[in-house]
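> My questions are about this predicted structure, shown below with the sequence.
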Amino acid sequence: MSPEYAMEGLFSVKSDVYSFGVLLLETVSGLRISSTQNINEFPNLIIYAWSLWREGLAKDLVDPSVSESCSDEEVLYCIHVGLLCVQDDSDARPPMSTVLTTLESRSTPLATPDKPPYFSGRNKVAKRADYG
């Protein structure tokens with residue numbers, strides 16, 4: 001559920017982009033958005049994924065069954081796109097048409113995703129992350 005819908009009851013096409021980003025991160029990681037499995041130091045999958053991505057450790061997020069069938073480059077690209085889709089500010093999320101074109105081409109330069117609005121610095125990755 002997108003933040004703007006959860007907090008204000010606002011729904012738009014950017015809410016769908018958010019949901020797609022969640023599904024992309026869940027698929028790549030094999031974890032659910034609210035899972036505490038392997039991420040108990042973080043409040044949710046989005047913050048865990050962003051923290052690993054920021055540290056250059058995004059490969060640690062990937063479920064082994066996914067890494068067997070996809071290249072590292074493809075999976076890391078999907079994580080990056082997923083993080084762009086789940087940005088808190090709906091205006092910062094790309095339109096779905098851009099997401100699809102980006103995933104099809106796999107060569108589009110990607111913007112840096114914004115940090116999640118809530119961040120827990122309770123583990124090594126989070127403490128090292130430049131979150132300022």
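Thanks, I have it. Not measured: the values here are computed from a predicted model. Numbers count the residues shown, from 1 in each chain.
> what sits against the residue nearest to V86 when sequence neighbours are not counted?
Of all residues not flanking V86 in the chain, G21 sits nearest, at 3.9 Å (C-beta to C-beta, 6 or more residues apart in numbering). From N, CA and C alone the C-beta is placed, and that goes for glycine too. G21 makes contact with 81-86, 93, according to C-beta atoms under 8 Å, 6 or more residues apart in numbering.
> can you pull the buried residues of the helix or strand where G21 lies?
For G21, the host element (DSSP states H and E) is helix 13-29. Residues 14-15, 17-22, 24-26, 28-29 are the ones in helix 13-29 that count as buried (16 or more other C-beta atoms under 10 Å).
> Can you read off the pLDDT for the residue nearest the centre of the chain?
By C-alpha atoms, centre = their mean, the chain has its centre lying nearest to L83, at 3.0 Å. As predicted, L83 sits at a pLDDT of 97.
> ok, back up a step: pick the one among the contacts of G21 closest to S67.
Nearest to S67 among the contacts of G21, counting by C-beta to C-beta, is G82 at 15.7 Å.
> isn't that closest one right up against S19?
No. Using C-beta atoms under 8 Å as the test, G82 is too far from S19 to be in contact (11.1 Å).
> and the residue nearest to the centre of the chain, how far is that from E68?
23 Å (C-beta to C-beta, to the nearest Å).
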